[in-house]
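**Q** I would like the atomic coordinates for the input below:
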Amino acid sequence: MQWASSSLITKKRNAKKPYTRPRKSEGDRRLKLRNRTLKFGTWNVQGCRNKMREIVREINVMNMDLVVLTETKKKGTGIETLGNYVYLFSGVKKYERAKKGVSILINKKRKDSIKNWEYIDGRILRLYMNIWGYKLTIIGICAPNEDNGATVKDEFFANLNEEIVKSDSGRQLILMGDMNGKTGRKTGDTIVGNFGEDRVNDNGERLIELCTQTSLKIWNVFFNHKDINKYTWEQHTKNLKTIIDYIITKQDLKGKIQDVRAYRGPNCGTDNKLLVAKILFSCMYTTKDKYEEKKENTVTEVNKKGKYNVESLQNESTKFLYQQRLNNKLSRNEFTDTEEMYNYLTICIHEAAMEALGEKEVSKGRKTIFLGCRNGKERQNKKLFLK
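**A** Residues are numbered from 1 along each chain as shown. You can find the predicted model right below:
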């Protein structure tokens, strides 16, 4: 026992295991895919006067990235900031009776992805976005009712067809809005799925014809859901329900549509439900895409080091040229916030100065080297002595 307890027995040490880099788990992969899944939607609000705060709150609760609002009955065109969303709207002229109208709410998290927008008319609004290497063209639509005349319908679908054809083939096209059309159901069809309703009306036939000509796909009726998540318009008093709101894309869309369903929870005093599509934008970066997106997203750098030839402004022709270049550049008059306006004005002023005045040539001269000086103070004293 004494021998066993002696100091000759040493404690056995375990060998240190080599470091191995942990593998990415399935949960990490799913989290990355979830972060790249955006929620796009459309909602007929039946007038937005005095209830925009309620609409924005309901959309914010749903954590939506982009929503097309239809039948807003808002006059004029413009851009506003409402809570966590940027609000683009297009409607009839201010002297006309309030009707139709379409607008788009974009989450501020995606504000940097906005490249441009265009107000076509009171029924069509177009938005350009670049996100994660995908170039998106989103068109918000508020189609005429079934009761409108054939002339109004012909004009609307002709304008819509023109905008679709004008869309760049390299961009991903997404149409969202209230089409006021019933497209029915078909089996084995690339345009209409087999989970729609049985009825087809005139607007529905026109929509199917448009999708056939432009190779579009109506995604609502390709997902099998319960009636409460399938019908987008419902009137309980008359026991009526139908599908008139749609999310439509090109058949060769690179993003993956994971689900499209109507939600009855959001409420703003309308008979229409919020239609939501979950779209997965997986990694598709190439070197060219990274370079182009970085070039598009980078703000023009201001010339801080160089100086402009300001003395040339004494010449009347140069002064007139500078004023003309600056006026041509100051074409935009709508901004989301003050910082964006300041950056825009700064860039325009510097670009106009560079084009009209040019940089001032600064002669560097000869540089005297003082040997044996230990610090800057000694060099300064030698300079003063030489003068």
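**Q** For stretch 106-118, what is the spacing between the initial and final residues?
**A** 15 Å (Cα to Cα, to the nearest Å).
**Q** Could you list the buried residues of that stretch?
**A** Residues of stretch 106-118 classed as buried by neighbour count (16 or more other Cβ atoms under 10 Å): 106-107, 113-114, 117. Using the backbone N, CA and C atoms, a C-beta is placed for each residue, glycine as well.
**Q** With secondary structure and distance to Lys278 as extra columns, can I get the residues you listed in a markdown table?
**A** Output for the buried residues of stretch 106-118, formatted as a markdown table (DSSP: H, G, I helix; E, B strand; the rest coil; distance: Cβ to Cβ, whole Å):
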| residue | secondary structure | distance to Lys278 |
| --- | --- | --- |
| Ile106 | strand | 17 |
| Asn107 | strand | 15 |
| Ser113 | helix | 17 |
| Ile114 | strand | 21 |
| Trp117 | strand | 23 |
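**Q** Quick one: name whatever helix or strand follows the helix or strand bottoming out on mean pLDDT in the chain.
**A** The weakest-scoring helix or strand in the chain, judged by mean pLDDT, DSSP states H and E, is helix 287-297 (a mean of 49). The helix or strand immediately downstream of helix 287-297 is helix 316-329, counting by DSSP states H and E.
**Q** just the CA coordinates of that next one, formatted as PDB?
**A** Extracted in PDB, the C-alpha atoms of helix 316-329 (Å, rounded to 0.1, in the frame of the first residue of the first chain):
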ATOM      1  CA  GLU A 316     -19.300  84.200 -69.300                       C
ATOM      2  CA  SER A 317     -19.300  81.200 -71.700                       C
ATOM      3  CA  THR A 318     -17.800  78.900 -69.000                       C
ATOM      4  CA  LYS A 319     -20.300  80.200 -66.400                       C
ATOM      5  CA  PHE A 320     -23.200  79.500 -68.800                       C
ATOM      6  CA  LEU A 321     -21.900  76.000 -69.600                       C
ATOM      7  CA  TYR A 322     -21.700  75.200 -65.900                       C
ATOM      8  CA  GLN A 323     -25.200  76.400 -65.200                       C
ATOM      9  CA  GLN A 324     -26.500  74.400 -68.200                       C
ATOM     10  CA  ARG A 325     -24.800  71.200 -67.100                       C
ATOM     11  CA  LEU A 326     -26.100  71.600 -63.500                       C
ATOM     12  CA  ASN A 327     -29.700  72.300 -64.700                       C
ATOM     13  CA  ASN A 328     -29.600  69.100 -66.800                       C
ATOM     14  CA  LYS A 329     -28.400  67.000 -63.900                       C
END
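**Q** And the next helix or strand past that helix?
**A** As assigned by DSSP H and E, the chain's next helix or strand after helix 316-329 is helix 338-356.
**Q** Count the residues that sit near Ala277.
**A** If you count neighbours by other Cβ atoms under 10 Å, Ala277 ends up with 23.
**Q** Is Gly122 in a helix, a strand, or coil?
**A** Recorded secondary structure, Gly122: coil (DSSP: H, G, I helix; E, B strand; the rest coil).
**Q** tell me the contacts of Glu205?
**A** The neighbours of Glu205, taking Cβ atoms under 8 Å, 6 or more residues apart in numbering as the test, are Gly181.
**Q** Secondary structure element for it, which one?
**A** Using DSSP H and E, Glu205 sits in helix 202-214.
**Q** Ile139 too?
**A** Assigned by DSSP H and E, Ile139 belongs to strand 134-142.
**Q** Who does that strand pair with, and is each partner parallel or antiparallel?
**A** Paired neighbours of strand 134-142 in the sheet (DSSP bridges): strand 124-131 (antiparallel), strand 172-178 (parallel).
**Q** And those strands: which comes nearest Glu54?
**A** Across those, Glu54 has its closest neighbour in strand 172-178 (19.1 Å, Cβ to Cβ).
**Q** quick one: contacts of the closest one?
**A** In contact with strand 172-178 (Cβ under 8 Å, 6+ apart) are residues 40-42, 44, 68, 70-71, 102, 134-143, 164, 167, 216, 244-250, 253-255, 272, 275, 277.
**Q** Tell me what Ile124 is bridged to.
**A** Following DSSP bridges, Ile124 is listed with bridge partners Ile141.
**Q** residues near it, how many?
**A** 22.
**Q** Would you agree it is in contact with Asn159?
**A** Yes: look at Ile124 against Asn159 with Cβ atoms under 8 Å: they come within range, at 6.3 Å.
**Q** just to revisit the earlier point, C-terminal to the strand holding Ile139, what's the next element?
**A** Heading C-terminal from strand 134-142 (DSSP H and E), you reach helix 150-166.
**Q** Identify each buried residue in that next one, please.
**A** By neighbour count on 16+ other Cβ under 10 Å, the buried set for helix 150-166 is 153, 156-157, 160, 163-164.
**Q** low-confidence ranges in the stretch 1-150 of the chain?
**A** Scanning the stretch 1-150 of the chain for pLDDT under 70 picks out 1-32.
**Q** give me that answer again for 50
**A** Within the stretch 1-150 of the chain, the ranges that satisfy pLDDT under 50 run 1-9.
**Q** Which parts of it are helices?
**A** Remark: helices assigned in the stretch 1-150 of the chain by DSSP state H, counting those that start in this stretch are 26-35, 52-61, 150-166.
**Q** which residue packs closest to Ile247, ignoring adjacent ones?
**A** Sequence neighbours aside, Ala277 is the residue nearest to Ile247 in space, at 4.6 Å (criterion: Cβ to Cβ, 6 or more residues apart in numbering).
**Q** got it, and Tyr231?
**A** Nearest residue to Tyr231 in three dimensions, chain neighbours excluded: Lys241, at 4.2 Å (Cβ to Cβ, 6+ apart).
**Q** Give me the neighbour count for the one you found.
**A** By other Cβ under 10 Å, 17 other residues sit near Lys241.
**Q** residues contacting it?
**A** Lys241 is in contact with 227, 231, 233-235, counting by Cβ under 8 Å, 6+ apart.
**Q** swap in Phe156?
**A** Going by Cβ under 8 Å, 6+ apart, Phe156 touches 123, 143-144.
**Q** That one and Asn203, how far apart?
**A** In this view, Phe156 and Asn203 are 10 Å apart by Cβ to Cβ, to the nearest Å.
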